[in-house]
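**Q** The sequence and its predicted three-dimensional model are supplied below.
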Amino acid sequence: MNLVVVSNRVARGKPNEPMTGGLAAALLPVVEHSGAIWAGSSGRVRDGHQKEPFAEIEALGSGAIATLDLPAAHYGGYYEGFANSALWPALHSRSDLIRVSRDDYVSYREVNAFMARALMRFRKAKTAFWVQDYHFLALGAELRDLGVDDPIGFFLHTPWPVAAVMQGVPNHRELITAMLAYDLLGFQTNEDCQNFLGYVAGELGLAVEDGVAISQHGRTRCEVFPIGIDAEKFAAYAAKSASHPDVSRLRRSLNGERLAIGVDRLDYSKGLVNRISAFDRLWTEHPQFARSISLLQIANPSRGAIEAYGNLQNEVARLVTDVNGRHGEVDWTPIRYLNKGFSQTVLAGLYRTAQIGVVTPLHDGMNLVAKEYVAAQNPADPGVLVLSKFAGAANELETALLVNPHDIDGMARAIAVAAAMPLAERKMRWDAMMKKLRGHTIQQWSADFVAELEKCRTEKAVVAPLETQPPQALRWLKSAISGVRLI
Ligand SMILES: O=P(O)(O)OC[C@H]1O[C@H](O[C@H]2O[C@H](CO)[C@@H](O)[C@H](O)[C@H]2O)[C@H](O)[C@@H](O)[C@@H]1O
Ligand SMILES: O=c1ccn([C@@H]2O[C@H](COP(=O)(O)OP(=O)(O)O)[C@@H](O)[C@H]2O)c(=O)[nH]1
């Protein structure tokens, strides 16, 4: 099978560079091992109509990566506009942050149509398209308009909210109707999948039977495929990382204190303000934890051209300065705050150095950092994961210390419990989480999705001739009854 994977963000496969986001991090090994072609944005734009749209095609393991310069006139309206200032806030239940114009929607559709045209050059016999994420909700419909009848699947990396929130997105009916051109829609959690089907039945008034939505486009199967990680790879990175200068310097700098680590894009969905407030509460209400627990927060800048992200960056920086100013001492900095990224090989060592992993998003599709933190722990002395119950990962990592990120006192208590947890309990919780991670790897995730997508090809082959039957049957019936008087 010729598999074509499509996403806005692609990763170049350089192990010593930071990944931008979990989608790119997750798909990299999938493409490397499956032989797929991975098409996405080059991050550059180009004016006018391109005869040869792809800027670059390079090998990536047994697959290849094709990066495309997107149309300059539409890039801003598509990426910063409709995708990240309408869809992203809505998908994370933050309708209050929706800022969008009619032109943004036009640009979004233009880029979806542009990508569909560009993908046609990768279409061969027995192709299947696998589209990733909210940047390309309408790409399947655009491919169908170009005559593609191959299986086309879509996976959503973010949550899908309740119908009332999606109704806040301009053109939501048109867009979600377009999504039904996909044969297979994948979600991170059962809740996301049920919310989507609830919208299809309630808002679009379409029939839904056993997870299949029936529309003018035919049948769209909706299923849950929680994304995984390569846990063994992280464990191996972590075991080898102690000699890396960043990791050894961090270790030497800890004067017997317990370290908590947070690793996030600077995004309002990640709950950074609430998390830092919880540490503030801990040091204020329980001064015995001053000097004995500190926080290393890596907050990689993200989507900086969007106002909500700029505001967040200022707010978090102010809060960190305030907390450090009040609780710090001449030889102790409570929060080490870094606005830069690290490679995954280094991150694994930083995760292993920290006795507590804090992952407290307000909403998150999965959150791979939570899984990576667990995989990187020393089996003989594992750290404790404090995890928001609103991260997709909480469905699998039930033996983490699950917290409500809106409850600052509750989070402060959980951090204190994590710091004091006896070894036997830490091992018991970690073993259970590690078992889940090993049983559900990133390779398994992609194999499951692709297998389900291939089934759609078989189903279509069976259903298509049946669909052509009514007119033929009608013609036969008409000829059979011609000359007969019906009474
Ligand atoms: O491409 P950017 O705009 O820089 O954003 C980075 C990525 O953020 C989101 O990642 C999601 O995918 C993860 C893997 O499935 C998941 O764990 C996480 O919960 C999601 O937020 C976004 O969905 C990607 O499209 C972006 O590339
Ligand atoms: O400095 C950094 C910070 C993060 N990451 C990677 O970025 C991904 C973040 O994915 P997650 O699902 O946690 O969140 P997202 O950013 O996709 O919303 C993870 O694989 C991290 O290992 C990285 O390589 N370097």
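**A** Arrived safely, thanks for sending. Ligands and ions are numbered 1, 2, ... in the order given.

**Q** looking at the chain, which helix or strand is least sure?
**A** helix 442-481 (a mean of 70; mean pLDDT, DSSP states H and E).

**Q** What are the boundaries of the helices in the stretch 201-350 of the chain?
**A** Applying DSSP state H, counting those that start in this stretch to the stretch 201-350 of the chain gives helices spanning 231-240, 245-253, 272-285, 307-327, 344-353.

**Q** Deepest in the core, which of those helices is it.
**A** Among the helices of the stretch 201-350 of the chain, the stretch with the highest mean neighbour count (mean count of other Cβ atoms under 10 Å) is helix 344-353, at a mean of 23. The C-beta positions use only the backbone N, C-alpha and C, and glycine is treated the same way.

**Q** Would it count as contacting ligand 2?
**A** Yes. Counting by Cβ under 6 Å from any ligand atom, ligand 2 has neighbours in helix 344-353: 344, 347.

**Q** and that helix, C-alpha only, in CSV?
**A** The C-alpha trace of helix 344-353 is given here as CSV (Å, rounded to 0.1, in the frame of the first residue of the first chain):
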residue,chain,number,x,y,z
GLN,A,344,14.5,14.4,23.3
THR,A,345,17.8,12.7,24.3
VAL,A,346,18.5,15.5,26.8
LEU,A,347,14.9,15.8,27.9
ALA,A,348,14.9,12.1,28.8
GLY,A,349,17.8,12.8,31.2
LEU,A,350,16.1,15.8,32.7
TYR,A,351,12.9,13.8,33.2
ARG,A,352,14.9,11.1,35.0
THR,A,353,16.6,13.6,37.3
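
**Q** one step back: can I get the helices of the stretch 201-350 of the chain in a markdown table including distance to Leu387?
**A** Shown next, in a markdown table, are these (distance: least, Cβ to Cβ, whole Å):
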| stretch | distance to Leu387 |
| --- | --- |
| helix 231-240 | 16 |
| helix 245-253 | 22 |
| helix 272-285 | 12 |
| helix 307-327 | 20 |
| helix 344-353 | 14 |
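
**Q** Dump those to TSV, plus mean pLDDT.
**A** Putting the helices of the stretch 201-350 of the chain into TSV (pLDDT from 0 to 100) gives the following:
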stretch	mean pLDDT
helix 231-240	96
helix 245-253	97
helix 272-285	98
helix 307-327	98
helix 344-353	97
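
**Q** who wins for proximity to ligand 1 among those helices?
**A** Ligand 1 lies closest to helix 307-327 among the helices of the stretch 201-350 of the chain, at 9.9 Å (Cβ to the nearest ligand atom).

**Q** Now do the closest one: which elements does it pack against?
**A** Where contact means 3 or more Cβ pairs under 8 Å, 6 or more residues apart in numbering; DSSP states H and E, helix 307-327 is packed against helix 272-285, strand 335-338.

**Q** Just put those in JSON lines and tack on distance to Val6.
**A** Converted to JSON lines, the helices and strands packed on helix 307-327 look like this (distance: least, Cβ to Cβ, whole Å):
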{"stretch": "helix 272-285", "distance to Val6": "31"}
{"stretch": "strand 335-338", "distance to Val6": "33"}
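
**Q** Can you add distance to ligand 1 and give the ones you listed back as CSV?
**A** Conversion of those to CSV gives the following (distance: least, Cβ to the nearest ligand atom, whole Å):
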stretch, distance to ligand 1
helix 272-285, 14
strand 335-338, 18
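
**Q** quick one, which of those is nearest to Glu110?
**A** Nearest to Glu110 among the helices and strands packed on helix 307-327 is helix 272-285; the distance by Cβ to Cβ comes to 33.8 Å.

**Q** Residues contacting that closest one, please?
**A** For helix 272-285, the external contacting residues (Cβ atoms under 8 Å, 6 or more residues apart in numbering) are 260, 262, 264, 266, 289-290, 293, 295, 297, 299, 312, 315-316, 319-320, 323, 326-327, 334-335, 358, 360, 362, 405-406, 408-409, 411-412, 415-416.

**Q** who touches the closest residue in space to Lys436 that isn't next to it in sequence in this structure?
**A** Nearest residue to Lys436 in three dimensions, chain neighbours excluded: Glu396, at 4.7 Å (Cβ to Cβ, 6 or more residues apart in numbering). Contact analysis of Glu396 by Cβ under 8 Å, 6+ apart lists 226, 433, 436-437, 440.

**Q** Which ones among these lie within helices?
**A** 433, 436-437 (DSSP state H).

**Q** What separation do you get for the most centrally placed residue in the chain and Gly186?
**A** Nearest to the centroid of the C-alpha atoms of the chain, with distances taken as Cα atoms, centre = their mean, sits His157, at 3.2 Å. Distance, His157 to Gly186, using Cβ to Cβ, to the nearest Å: 10 Å.

**Q** what does Arg429 give?
**A** Going from Arg429 to Gly186 by Cβ to Cβ gives 29 Å.

**Q** cool, Ala305 as well?
**A** 30 Å.

**Q** Of these two, give the one with the bigger neighbour count.
**A** Gly186 (26 against 10; other Cβ atoms under 10 Å).

**Q** What parts of the stretch 51-200 of the chain come near ligand 1?
**A** So far as Cβ under 6 Å from any ligand atom goes, the stretch 51-200 of the chain lies against ligand 1 at 133, 157-158.

**Q** In the chain, which residue sits closest to ligand 1?
**A** Gly21 (2.4 Å).

**Q** What count of nearby residues applies to the closest residue to that residue other than its chain neighbours?
**A** Distances taken as Cβ to Cβ, 6+ apart put Arg9 closest to Gly21, at 5.9 Å, once the chain neighbours are dropped. A count of nearby residues for Arg9, using other Cβ under 10 Å, gives 19.

**Q** Just confirm Glu329 contacts Arg291, I think it does.
**A** Yes. The pair Glu329 / Arg291 is scored as a contact, 7.2 Å apart, by Cβ atoms under 8 Å.

**Q** Looking at the two, which one has more neighbours?
**A** Neighbour totals were compared for Glu329 and Arg291, and Arg291 leads with 16 against 9 (other Cβ under 10 Å).
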